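Participant: The amino acid sequence is not available; the structure is as follows:
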């Protein structure tokens, strides 16, 4: 079975502090992992995917197969990073059939 | 280019009533899907379609029907609404190539009393 766990429902940090949103997954095959973000009054949208190895808005995420994790990190948080973040996994069901985690609401305090 | 459009934005139903949530996309995406979002549970896949005329069940399909008569439209039907179906519903679409990002609609907030 495929499962994604985001252990923190809420995360609050101060502006300029480092941010790490945790994501752990359970999947026996070779996973494809994504982070989606939903800003206030906006649609859910793709933030980044592990296969692209890109940095978007200062965020990066590294797939650690040994620890089955895909944590999202940013060295210096900005107020505009406040949003709901979802980690998602695509396994043997096909790239579009994503399994989502429970989500983490990130609040950046001024 | 409107992307993925969902209607209505809000809906209140009484138990036992039926209704259809509409979803349309203008990006010529082959893949379309419906998710429900509940507090503490993330997004769960209800039904999906890989192309016109093809649909399949997701994780939580009970109580919902779908059809895909055109590439653009993917309506979700609630046959007999129950309070457990109170949720926010999201439609999403993408190209069928691996790792194509999902494009989401704005969501429909449904309350069943």
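Facilitator: Yep, that arrived. Here the structure is a predicted model, which is why all the values come from computation and not from measurement. Residues are numbered from 1 along each chain as shown, chains lettered A, B, ... in the order given.
Participant: who's in contact with residue 64?
Facilitator: Here I'm looking at chain A. By Cβ atoms under 8 Å, 6 or more residues apart in numbering or on different chains, residue A:64 lies in contact with A:70, A:71. Heads up, the C-betas are built off the backbone N, CA and C, glycines and all.
Participant: Correction: the question concerned chain B.
Facilitator: Neighbouring residues of residue B:64 by Cβ under 8 Å, 6+ apart: B:34, B:46, B:47, B:76, B:77, B:78, B:79.
Participant: repeat that for 7 Å
Facilitator: B:46, B:47, B:76, B:77, B:78 (Cβ atoms under 7 Å, 6 or more residues apart in numbering or on different chains).
Participant: So of the residues you listed, which two are at opposite extremes in space?
Facilitator: Of all pairs drawn from the contacts of residue B:64, the one with the longest distance (Cβ to Cβ) is B:47 and B:78, at 11.9 Å.
Participant: Compare those two (neighbour count), which wins?
Facilitator: Each of residue B:47 and residue B:78 has its neighbours counted (other Cβ atoms under 10 Å in any protein chain shown); residue B:47 has more, 23 against 20.
Participant: Once you drop chain neighbours, what's closest to that one?
Facilitator: Computed as Cβ to Cβ, 6 or more residues apart in numbering or on different chains, the closest residue to residue B:47 that is not its neighbour in sequence is residue B:66, at 4.3 Å.
Participant: Could you measure from the one you found over to residue B:94?
Facilitator: 16 Å (Cβ to Cβ, to the nearest Å).
Participant: Quick one: neighbours of residue 46, just the number.
Facilitator: Defaulting to chain A. The local packing of residue A:46 (other Cβ under 10 Å) involves 19 other residues.
Participant: hm, I was asking about chain B
Facilitator: That count, for residue B:46 with other Cβ under 10 Å as the rule, works out to 23.
Participant: separation between the one residue sitting closest to the centre of chain B and chain A?
Facilitator: The centroid of chain B falls nearest to residue B:34 when counting by Cα atoms, centre = their mean (2.9 Å). Plainly put, residue B:34 is 12 Å away from chain A if you go by Cβ to the nearest Cβ, to the nearest Å.
Participant: May I have the beta-bridge partners of that residue?
Facilitator: With DSSP bridges applied, residue B:34 shows beta-bridge pairing to residue B:47, residue B:91.
Participant: Please report how far it lies from residue B:65.
Facilitator: Distance, residue B:34 to residue B:65, by Cβ to Cβ: 11 Å.
Participant: what does residue A:43 give?
Facilitator: Distance from residue A:43 to residue B:65, counting by Cβ to Cβ: 25 Å.
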